[in-house]
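the sequence isn't on hand, but the structure is:
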């Protein structure tokens with residue numbers, strides 16, 4: 001991780017400092033938007049390394065399987081949050097994760113959740129996450 005921090009661009013450095021500060025205070029939601037090829041995935045993977053270096057948990061999800069493979073430890077959002085596959089036909093989203101399960105514990109105690117490509121998902125997904 002330490003070798004990659006100096007490789008951040010000024011914009012990435014600004015985002016890294018802001019987000020790591022929020023992780024420490026356990027507050028905040030960030031929407032990271034930038035054109036393709038600007039290093040968003042590089043920044044996200046550095047954030048995962050930062051959290052995991054401290055022995056904390058970070059959850060990496062993406063809306064597509066291809067995008068999930070680019071994130072360190074990434075999974076699809078449908079898998080991670082147990083979302084129905086056909087939300088368009090569903091009256092409401094249901095999240096099949098109980099608080100008392102291992103997965104429920106991870107989601108409750110993790111320091112960082114990143115949802116790459118969240119804007120292409122149905123709004124019905126977000127009450128579950």
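Received, thanks. What you see is a predicted model, and the numbers here were worked out from it, not measured in a lab.

hey, let's count contacts and neighbours off CA atoms from now on
OK.

what residues does the biggest helix by length in the chain touch?
The residue-count maximum for a helix in the chain (DSSP state H) belongs to helix 10-25. Contact with helix 10-25 is made by 5, 28, 30, 39, 43, 47, 111, 112, as judged by Cα atoms under 8 Å, 6 or more residues apart in numbering.

among those, which one has the most neighbours?
residue 47 (24 neighbours; other Cα atoms under 10 Å).

surely that residue is in a helix?
Yes: looking at residue 47 with DSSP: H, G, I helix; E, B strand; the rest coil, it is inside a helix.

mind listing what it touches?
16, 20.

ok, now which ones touch the spatially most central residue of the chain?
The structure's the chain has its C-alpha centroid closest to residue 114; by Cα atoms, centre = their mean the separation is 1.0 Å. Neighbour list for residue 114: 44, 58, 59, 60, 61, 62 [criterion: Cα under 8 Å, 6+ apart].

what strand or helix carries it?
Counting by DSSP states H and E, the element that carries residue 114 is strand 112-116.

how far does that strand sit from the chain's center?
Chain-centre distance of strand 112-116: 1 Å, with Cα atoms, centre = their mean, to the nearest Å.

for the closest residue to residue 103 other than its chain neighbours, helix, strand, or coil?
Nearest non-adjacent residue to residue 103, counting by Cα to Cα, 6 or more residues apart in numbering: residue 97, 6.9 Å away. Classification of residue 97 using three-state DSSP returns coil.

the one 3 residues further on too?
When the structure is split into helix, strand and coil by three-state DSSP, residue 100 lands in coil.

what number of residues lie near it?
Counted with other Cα under 10 Å, residue 100 comes out at 8.

separation between it and residue 82?
Note on residue 100: its distance to residue 82, by Cα to Cα, to the nearest Å, is 15 Å.

quick one on the thing from earlier: and the residue nearest to the centre of the chain, how far is that from residue 100?
The value you get for residue 114 to residue 100, if Cα to Cα is used, is 22 Å.

repeat that for residue 39.
Counting by Cα to Cα, the gap from residue 39 to residue 100 is 37 Å.
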